[in-house]
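Peer 1: Predicted model and sequence follow; I will ask about them next.
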Amino acid sequence: MNELLESAILASKNASKEILNHYSNYSLYAKDDKSPLTSADLAANDEIFKVLEKTDIPICSEESILPYEQREKLEEFWLIDPLDGTKEFIAKNGEFCICIALIKNGKPILGVINIPIKDEIYYSNEIGKVYKNENLLNFSSNSPNLHLTGRNGKKTKSSKFANYFNLTQTNLGSAIKFCKLASNEASAYARFGDSSLWDIAAGHFLVKASGGLVIDLKTKQDPIYNGKSLINNHFLALNKNSIHLKDKMVDYIKKYIAI
């Protein structure tokens, strides 16, 4: 394990402790866009910065955004969400996580997702290997025919997609969905709503490292993370066992689901 991955894992552990410290007693604020922000988000962000600043690599966080004018000139930068799933944190359903990715030339080359309530950390910096709490995941096992979708927002398009491909739709908050794909516990995750760059970068790398894929439904390429917009295009994520369905799924989405 290289030093950068070790730093990302340590940062996620320290952030996890802070989040759990705030779980039963936190302050709630509203961002300019009316989305919720808690003292746990801010405390986790601080802990991550304390560790990752020592790497001398610039950091772009949901709570400390690097402007595009800076990001476009960077070969490398950290892209983090200190608490992905703030609404789930408030709801106390446990479906929130910490996302840390290292971006190089617009693509993730390292991913860490920490799930505080379960004390689980998924991580990788190498294609073909994903670890969960130091245990190498087995990618050869069969996976259930599950399509994952978020707990918030309308699900009409997701349900239509799942029904067509005979997938059972399951609601799950935050980037934990990518962990389920990387560990072969689900087949697909089609996102037909907005998400931010820091929401998916770490998960994108974990899915890719496990043999799966994440495809931007507009460009038909991998999502990129150094563009001007902080919002991703809609995307499709598939685990290793479902990659053979990519073309059929993309064609179906193009023909029958307006995105």
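Peer 2: Thanks, I have it.
Peer 1: Show me the strands in the stretch 101-250 of the chain, by range?
Peer 2: Along the stretch 101-250 of the chain, the segments classed as strands by DSSP state E, counting those that start in this stretch run 107-115, 120-126, 129-132, 135-136, 146-149, 168-171, 188-191, 213-216, 235-238.
Peer 1: Quick check: residue 50 touching residue 14?
Peer 2: Yes. Residue 50 lies in contact with residue 14 (CB atoms under 8 Å); the separation is 7.3 Å. Quick note: C-beta positions are derived from backbone N, CA and C, even for glycine.
Peer 1: Between the two, which has more neighbouring residues?
Peer 2: Counted by other CB atoms under 10 Å, residue 50 and residue 14 do not tie: residue 14 has more neighbours, with 19 against 13.
Peer 1: element containing that one, please.
Peer 2: Per DSSP states H and E: residue 14 is located in helix 3-22.
Peer 1: Can you give the distance of the helix or strand following that helix from its chain's centre?
Peer 2: Once helix 3-22 ends, the next helix or strand along the chain (criterion: DSSP H and E) is strand 28-30. What separates the centre of strand 28-30 from the centre of its chain is 23 Å, taken as CA atoms, centre = their mean, to the nearest Å.
Peer 1: cool, and stretch 227-240?
Peer 2: Mean-position distance between stretch 227-240 and its chain equals 10 Å (CA atoms, centre = their mean).
Peer 1: first to last residue in that stretch, what's the distance?
Peer 2: 27 Å (CA to CA, to the nearest Å).
Peer 1: Please renumber the chain so that the first residue is 46 from this point on.
Peer 2: All right, first residue 46 from here; so that's stretch 272-285.
Peer 1: domains for the protein, by residue range?
Peer 2: For the chain, whose domains are defined here by automatic domain parsing, the residue ranges read 48-181, 191-301.
Peer 1: Serialize the ones you listed to JSON lines and add fields for mean pLDDT.
Peer 2: Converted to JSON lines, the domains of the chain look like this (pLDDT from 0 to 100):
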{"stretch": "domain 48-181", "mean pLDDT": "96"}
{"stretch": "domain 191-301", "mean pLDDT": "96"}
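Peer 1: The nearest residue to residue 168 once chain neighbours are set aside pairs with what?
Peer 2: Distances taken as CB to CB, 6 or more residues apart in numbering put residue 157 closest to residue 168, at 4.5 Å, once the chain neighbours are dropped. Taking DSSP bridges as the rule, residue 157 bridges to residue 145, residue 168.
Peer 1: just so I know, which of the strands of the stretch 146-295 of the chain lies nearest residue 251?
Peer 2: Nearest to residue 251 among the strands of the stretch 146-295 of the chain is strand 152-160; the distance by CB to CB comes to 4.6 Å.
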